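In: Model the following, please.
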Amino acid sequence: QVQLQESGPGLVKPSQTLSLTCTVSGGSITSKVTYWSWLRQPPGKELEWIGYIGYSGNTDYSPSLKSRTSISRDTSKNQLTLQLTSVTPEDTAVYYCARSVGWSRTVKYDYWGQGTQVTVSS
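Out: Coordinates of the predicted model:
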């Protein structure tokens, strides 16, 4: 059973960098054809895909967030990291990491983390 767990600060000040970690257990982030995404859901809004890092280390980002987003990984720890720079209150959301096998814009995720609330406020 693959399990994902997000962690990071729950409160970030405007203009700072949001940094979250997703720790994966029960499966390797380098397993063939797996893609590890970050998504978020702002209050009262739909779920939004942020980007992914694939099993080979390749990345792709949402065009609307690409200039501020970086996703990396530590294969020795089986962890993913999300960094979002220059945050504003509009970045307040529940942030999730999730796994898919294969990738498309309409892919179904088979494993999710429980999500972590991040609030951007001074």
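In: ends of stretch 41-56, how far apart?
Out: Using CA to CA, to the nearest Å, one end of stretch 41-56 lies 27 Å from the other.
In: who touches that stretch?
Out: Residues outside stretch 41-56 that contact it (CB atoms under 8 Å, 6 or more residues apart in numbering) are 29-40, 59-62, 65-66, 69, 71-73, 80, 82, 84, 90, 92-96, 100, 103, 105, 115. Every residue, glycine included, has its C-beta placed from N, CA and C.
In: Inside strands: which ones of these?
Out: 34-40, 59-61, 69, 71-73, 80, 82, 84, 93-96, 100 (DSSP state E).
In: ok now do the spatially most central residue of the chain, which residues does it touch?
Out: When CA atoms, centre = their mean is applied to the chain, the residue found nearest the centroid is W38 (2.2 Å). Counting by CB under 8 Å, 6+ apart, W38 touches 20, 22, 49-52, 71, 80, 82, 95-97.
In: hmm, which of the contacts of stretch 41-56 are the buried ones?
Out: Buried subset of the contacts of stretch 41-56 (neighbour count, 16 or more other CB atoms under 10 Å): 29, 34-40, 59, 61, 65, 69, 71, 73, 80, 82, 84, 92-96, 100, 115.
In: Quick one: neighbours of G54, just the number.
Out: 20 (other CB atoms under 10 Å).
In: From T106, how far out is it?
Out: Between G54 and T106 the distance is 17 Å, computed by CB to CB, to the nearest Å.
In: now do R68
Out: With CB to CB as the criterion, R68 and T106 are 24 Å apart.
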